[in-house]
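Engineer: Next input, structure requested:
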Amino acid sequence: QLQLVESGGGLVQPGGSLRLSCTASGLRYYAIGWFRQAPGKEREEVSCISQGAGTTNYADSVKDRFFISRDNAKDTVYLQMNSLETEDTAIYYCASASRVYGRSCSEVGSWGQGTQVTVSS
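Structural biologist: Okay, here's the model as predicted:
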């Protein structure tokens, strides 16, 4: 079980940017996904990156605005979020996975506690 910790959330105006980080000892051995859950909505997968960073995918709603990357030497995965919209407001979670399969993370295991992102003017 990984002890995943997210950081970097906050309040930002529409059109702004934030970078989320997900860290855990041993994270380098896993695919990692970012998920989000807005009030009253189901949790959705935002992006996933393979263990070696060779494969990434994105939800259609964030494509070309969000970018996932990782630094395995630091056991950290990042989610760069640009051109933020009010609809991006949610709690963002990272989670470990066995691999990227198709358009999503497969066999999700450990979860972080989440970080709040609020996009508002």
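
Engineer: Could I get the full set of strands for the protein?
Structural biologist: Ranges of strands in the chain, per DSSP state E, are 5-7, 10-12, 18-23, 31-37, 44-49, 56-58, 66-71, 76-81, 90-97, 99-101, 104-106, 115-119.

Engineer: Please work out which of the ones you listed is packed deepest.
Structural biologist: strand 31-37 (a mean of 24; mean count of other Cβ atoms under 10 Å). All C-beta spots, glycine's among them, are computed from the backbone N, C-alpha and C.

Engineer: ok, for the residue nearest to the spatial centre of the chain, nearest residue in space, not its chain neighbours?
Structural biologist: Nearest to the mean C-alpha position of the chain, counting by Cα atoms, centre = their mean, stands residue 34 at 2.5 Å. Distances taken as Cβ to Cβ, 6 or more residues apart in numbering place residue 46 nearest to residue 34, at 4.4 Å, with adjacent residues excluded.

Engineer: doesn't residue 36 make contact with that neighbour?
Structural biologist: Yes: Residue 46 lies in contact with residue 36 (Cβ atoms under 8 Å); the separation is 5.4 Å.

Engineer: okay, and the common contacts of those two?
Structural biologist: Common neighbours of residue 46 and residue 36, using Cβ atoms under 8 Å, 6 or more residues apart in numbering, are residue 92.
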